[in-house]
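**Q** Predicted structure and sequence below. I'll ask about it afterward.
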Amino acid sequence: MTFSSKEKKCFDVLLDLAIAEDLEPSGDLTSKATLSEDLVGKATLVSRADGVLAGSSAGEFTFAEIAPKAQWFGLIADGTKIQKGTELAKIQGPIRSILAAERIALNFMQRLSGIASLTKKYTDAVQGIDVKILDTRKTEPGWRILDKYAVRCGGGHNHRMSLCDGILIKDNHLAALGGGPASIRKAILLARQFFSGNWDIEVEVDNLEMFDTALQSTPSIILLDNMSIPDMSEAVKKRNAIAPSVALEASGGIQLANLREIALTGVDRISIGALTHSAPALDLALDYTFE
């Protein structure tokens, strides 16, 4: 996998911010003071931990912008499982500029690889079960497009990219309409009346009574929020008997420890905010050699 034009556009904005905060106005003063401008060398980008690579395009584009005289040779494709000690890329050229680009490139790649690596743990945990692991909108402001790219590198799927990308009627929407079963029916009806196109309508419920009401209106998706395993299993049985075309999505309180049990209830989708808001960075580093 590599960045699409949309992902590259997002990255360019973030790269400009990163350069401004790390190199402006005077550049890398330490390297300027201690290293000759014509000193050249080589560096190898190495993983210090097991995981999944994501963001190699970010590394390449960072060096192209900050160290244009350096050469980047990518060795591993995004989405590839890697082990501690795996060589990911080779860089050669003026050491001053490589050092200037190093931290910015690593920051991008460590974050994105961390998200991909955590997502892979979740997708591996449900291997053999017909269920999709999805992210949420709980992303770092400005990073959403790249964070969701990293989720795909880890084998996950993307939920809405923004509020413009789908209709998800949540508890606060229902509360604003008065709450109770009537609000569910009203919200789904209003959504159908407002959108004449082929839009999926998803509605959030947190108990079986709400679920029964939502199922009667046959939205595209029903989100089972923080429901117990037995209640999710019951919801699947009812869906299968009454409206098999309605997809069921589990969300809330989902961890690796209970993920497979949730998947085995028969839900179609499981959305997990932790994929992007709680993924630890994957430890990557540059090892240098000098001519």
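**A** Looks like it arrived, so ask away. Numbers count the residues shown, from 1 in each chain.

**Q** How about the contacts made by Lys84?
**A** The neighbourhood of Lys84, defined by Cβ atoms under 8 Å, 6 or more residues apart in numbering, consists of Ser47, Arg48, Ala49, Asp50. Using the backbone N, CA and C atoms, a C-beta is placed for each residue, glycine as well.

**Q** Take these and keep only those in strands.
**A** Under the assignment DSSP state E, these contribute Ser47 to strands.

**Q** Okay, helices next: where are they in the stretch 51-200 of the chain?
**A** Ranges of helices within the stretch 51-200 of the chain are 56-66, 95-125, 144-153, 171-176, 180-194, based on DSSP state H, counting those that start in this stretch.

**Q** May I see the buried residues of the longest one?
**A** In other words, helix 95-125. For helix 95-125, burial by neighbour count (16 or more other Cβ atoms under 10 Å) applies to 95-102, 104-123, 125.

**Q** picking up where we left off before, for Ala243, which of the helices of the stretch 51-200 of the chain is the nearest?
**A** Set against Ala243 and scored by Cβ to Cβ, the helices of the stretch 51-200 of the chain come closest in helix 180-194, at 12.7 Å.

**Q** C-terminal to the closest one, which secondary structure element comes first?
**A** Downstream of helix 180-194, the first helix or strand assigned by DSSP states H and E is strand 201-205.

**Q** So in that sheet, which strands flank that next one, and in what orientation?
**A** Under the criterion DSSP bridges, strand 201-205 sits next to strand 167-169 (parallel), strand 221-225 (parallel) in its sheet.

**Q** pLDDT weak spots in the stretch 101-250 of the chain?
**A** The model of the stretch 101-250 of the chain has pLDDT under 70 over residues 197.

**Q** Skipping its backbone neighbours, what lies nearest Arg96 in space?
**A** Excluding the flanking residues, the one nearest Arg96 by Cβ to Cβ, 6 or more residues apart in numbering is Ser31, at 4.6 Å.

**Q** Might one say that that neighbour is in contact with Glu102?
**A** No: look at Ser31 against Glu102 with Cβ atoms under 8 Å: they stay out of range, at 10.3 Å.

**Q** any common contacting residues for those two?
**A** Residues touching both Ser31 and Glu102 by Cβ under 8 Å, 6+ apart: none at all.

**Q** Only whichever of the contacts of Lys84 are buried, select them in ChimeraX.
**A** Those of these that count as buried under 16+ other Cβ under 10 Å are selected in ChimeraX with:
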select :47,49
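
**Q** And the furthest pair within the contacts of Lys84?
**A** Going by Cβ to Cβ, the pair spanning the contacts of Lys84 furthest: Arg48 and Asp50, at 9.6 Å.

**Q** number of nearby residues for the spatially closest residue to Ser57 that is not a sequence neighbour?
**A** Leaving out its chain neighbours, the residue that sits closest to Ser57 by Cβ to Cβ, 6+ apart is Phe3, at 4.1 Å. Neighbourhood size, Phe3 [other Cβ atoms under 10 Å]: 21.
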